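Novice: next input, structure requested:
(one chain, ligands or ions: 1)
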Amino acid sequence: MKVGIVGATGLVGRTMLSILEERGFSVDELYLFASGTVKGRRELVFKGENIPVEPIEEDNIPYLDIALFSAGSEVSRRLAPLFVKNGAIVIDNSSAFRMEKDIPLVVPEVNIDVIRKSDRLIANPNCSTIQLVLVLHYLRKLSPLVRVDVVTMQATSGAGRRGLSAMFIEGYSQSPFQKDIFENLIPQIGEFSLDGFCEEERKIIFESRKILGEPELKLLATTVRVPVRNAHSEVVTVEFENEVSIEEIRNILGDAPGISVTDNIPTPRDADGKDDVFVGRIRKAMFSDRIVLLWIVADNLRKGAALNAIQIAERLL
Ligand SMILES: NC(=O)c1ccc[n+]([C@@H]2O[C@H](COP(=O)([O-])OP(=O)(O)OC[C@H]3O[C@@H](n4cnc5c(N)ncnc54)[C@H](OP(=O)(O)O)[C@@H]3O)[C@@H](O)[C@H]2O)c1
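Specialist: The predicted structure is shown next:
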């Protein structure tokens, strides 16, 4: 199996590398790519071996079986189709292709069956979308969803290496954020549209509808960047069509693969480095037996990105 990672030196790329190793993914040859902007030879370690990191351009694309992309939308748009042309199946972490009608957008536990034999390019959803839809998918088995409200608290690692640095340095000149994140929080992720929603909110709304196959789902999102190093948290309010009990919710989520229900108030530090999506603080609205509140936390670099992509690859193989 020839496997490549485009964007191998980034936060997601490095996490992919360690997850491939942890899970014993079948790799005979590994190719690591990054930009050509960094001077000098770069190497990353895989199974105790130093693997060179090469710059990648249109004219040096190798034949691969699986190419994992995590180098931003521009790189994916430009290079992913060329990798496919050269024989690879591409799993893309960027937002470049997610909302294209014919491109599957996949969380394996939810909708692996949308992938057809002929698909060569598969999109990995946004990090805060993945942890949300995984839980909603199991909840809707209890009763149809009438409406969902989510408020996110998103870690700085969600914005890559520069995002992480911005958390520690006041007035960081390379910050990807609109305002200082040092000792602050910012209720905006990505640019605002005319409707007042920012890019991340729109991703959560439209990607969730596509993955769940519920194009009319009444879902609202408010996304907040917080000075947390890693793992995204979400406050989720779900209105069901019928009454559901807390016990039913605990049972269905407790049995679901990839979800961990806990009374131990899951925090980002608890979820950091873990594969599971953690759910806690499950409670009902005082005025309705159809409305339930949950607290959902997951590692955005693992289930929110690298792990989900590798689970897709595993299922394809
Ligand atoms: N961070 C998350 O939680 C998360 C979650 C879901 C999806 N994603 C998506 O995953 C992608 C990577 O995110 P990240 O957090 O890992 O970012 P990052 O830490 O900033 O890393 C970016 C990576 O892309 C590479 N790169 C940049 N320009 C390139 C080019 N022209 N050609 C080849 N490689 C290039 C960089 O290589 P150099 O070392 O050479 O600069 C680096 O390896 C983004 O599309 C992001 O939206 C991220």
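Novice: for the residue of the stretch 51-200 of the chain found nearest the ligand, report the pLDDT, please.
Specialist: Relative to the ligand, the nearest point of the stretch 51-200 of the chain is Gly160 (2.6 Å; CB to the nearest ligand atom). Glycine gets a C-beta too; all of them are placed from N, C-alpha and C. pLDDT for Gly160: 98.
Novice: what's around it, how many residues?
Specialist: Gly160: 18 surrounding residues under other CB atoms under 10 Å.
Novice: show me what contacts it?
Specialist: Gly10, Leu11, Val12, Pro176 (CB atoms under 8 Å, 6 or more residues apart in numbering).
Novice: of those residues - the most surrounded one?
Specialist: Val12 (28 neighbours).
Novice: pretty sure that residue sits in a strand.
Specialist: No. Assessed with DSSP: H, G, I helix; E, B strand; the rest coil, Val12 is helix; it does not lie in a strand.
Novice: I'd say it and Leu301 touch.
Specialist: Yes. With contact defined as CB atoms under 8 Å, Val12 counts as touching Leu301 (5.9 Å).
Novice: backbone torsions only: list them for the residue of the stretch 51-200 of the chain closest to the ligand.
Specialist: Main-chain torsions, Gly160, degrees, to the nearest 10: phi 80, psi -170.
Novice: check contacts around the residue nearest to Asn242 when sequence neighbours are not counted.
Specialist: The shortest distance from Asn242 to any non-neighbouring residue, by CB to CB, 6 or more residues apart in numbering, is to Ser143 (4.1 Å). Contact analysis of Ser143 by CB under 8 Å, 6+ apart lists Phe240, Glu241, Asn242, Glu243, Val244, Arg290.
Novice: just the buried ones out of those residues, please.
Specialist: Neighbour-count burial (16 or more other CB atoms under 10 Å) applied to those gives Phe240, Val244, Arg290.
Novice: between the residues you listed, which sits nearest the ligand?
Specialist: So of those, ranked by how close each gets to the ligand (CB to the nearest ligand atom), first place is Phe240, at 29.0 Å.
Novice: that closest one pairs with what?
Specialist: Bridge pairing for Phe240 (DSSP bridges) gives the partners Leu145.
Novice: give me the neighbour count for Ser35.
Specialist: Neighbour tally, Ser35, other CB under 10 Å: 16.
Novice: okay, now the residue nearest to it when sequence neighbours are not counted: neighbour count?
Specialist: Leaving aside its chain neighbours, Ser35 sits nearest to Pro55 (6.3 Å; criterion: CB to CB, 6+ apart). When counting by other CB under 10 Å, one arrives at 12 neighbours for Pro55.
Novice: tell me how far Pro55 lies from Ile291.
Specialist: To Ile291, Pro55 is 52 Å away according to CB to CB, to the nearest Å.
Novice: before we move on, what about Lys117?
Specialist: Counting by CB to CB - Lys117 and Ile291 are separated by 42 Å.
Novice: how is the chain carved up into domains?
Specialist: The chain is divided into the following domains under automatic domain parsing: 2-124+305-316, 128-299.
Novice: and the first one, how far from the chain's centre?
Specialist: To tie it back to what came earlier, the one meant is domain 2-124+305-316. Distance, stretch centre to chain centre, for domain 2-124+305-316: 14 Å (CA atoms, centre = their mean, to the nearest Å).
Novice: ends of that domain, how far apart?
Specialist: Length of domain 2-124+305-316, first residue to last, CA to CA, to the nearest Å: 14 Å.
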